[in-house]
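Trainee: predicted model follows, preceded by the sequence.
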Amino acid sequence: MPTPSKVHRQTMPQEEPALVAVLLSLSRSCRQLMQIKLVEIDVMVGQDQFLDVLTAERGIPVSLLAQRLNVRPSTTSKMADRLVAQGWVLREVDDEDGRRTRLRLTPVGLEVQTEVRRIWEQTDAELASALAGASEQASVTTILAQMSAALDGRLQRLR
């Protein structure tokens, strides 16, 4: 005999899941998967995005990095402290404005960035294989990018 909850699920029409619930679940699952993969190279979740934005040639101001990561400058500074301690990032005084700090990758940080991007590409390929074809992959990616831009814009106005 089926349990009451199974009977209820069988007789209730299938509802479309709420967009926010799906996005939150997707985000949580993706970050958990990335955490498992990144631990292999001693990178914590969040550090991967930070490293991805930096370059080895010319540093980026902390405020611009915070804007690109959609976090507060204080959060960026704390993350920079950790990555400087690991020898992956250098802090430098801005040549044009001595009050500003620029961050750039060290040679070791560039190697870690390369590994992060390799893991991202591998995971991207794994997730894309779950979709039917190239056109479906492109559509999903485009829609998610549009949603991300919309959310980023709203966050910018609220901060």
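Mentor: Happy to help now that I have it. Here the structure is a predicted model, which is why all the values come from computation and not from measurement.

Trainee: contacts, neighbours, all on C-alpha from now
Mentor: Noted.

Trainee: ends of stretch 83-98, how far apart?
Mentor: End-to-end distance for stretch 83-98, by CA to CA, to the nearest Å: 22 Å.

Trainee: any buried residues in it, and which?
Mentor: Neighbour-count burial for stretch 83-98, counted by 16 or more other CA atoms under 10 Å, picks out 83-84, 88-91.

Trainee: and the helix or strand containing S27, what does it pack against?
Mentor: Following DSSP states H and E, the helix or strand that holds S27 is helix 19-38. Helix 19-38 sits against helix 107-128, with contacts defined as 3 or more CA pairs under 8 Å, 6 or more residues apart in numbering; DSSP states H and E.

Trainee: run the angle between the helix it packs on and helix 19-38 for me.
Mentor: Angle, helix 107-128 to helix 19-38, by axes from the mean of the first three to the mean of the last three CA atoms, to 10 degrees: 130 degrees.

Trainee: next SSE downstream of the helix holding S27?
Mentor: The C-terminal neighbour of helix 19-38 among helices and strands, as given by DSSP H and E, is helix 47-53.

Trainee: what pairs with the next helix or strand after that following helix, parallel or antiparallel?
Mentor: Per DSSP H and E, the first helix or strand lying C-terminal to helix 47-53 is strand 60-61. In the sheet, strand 60-61 lines up against strand 101-105 (antiparallel) (DSSP bridges).

Trainee: tell me, what residue is most central in this protein?
Mentor: The structure's the chain has its C-alpha centroid closest to Q49; by CA atoms, centre = their mean the separation is 5.0 Å.
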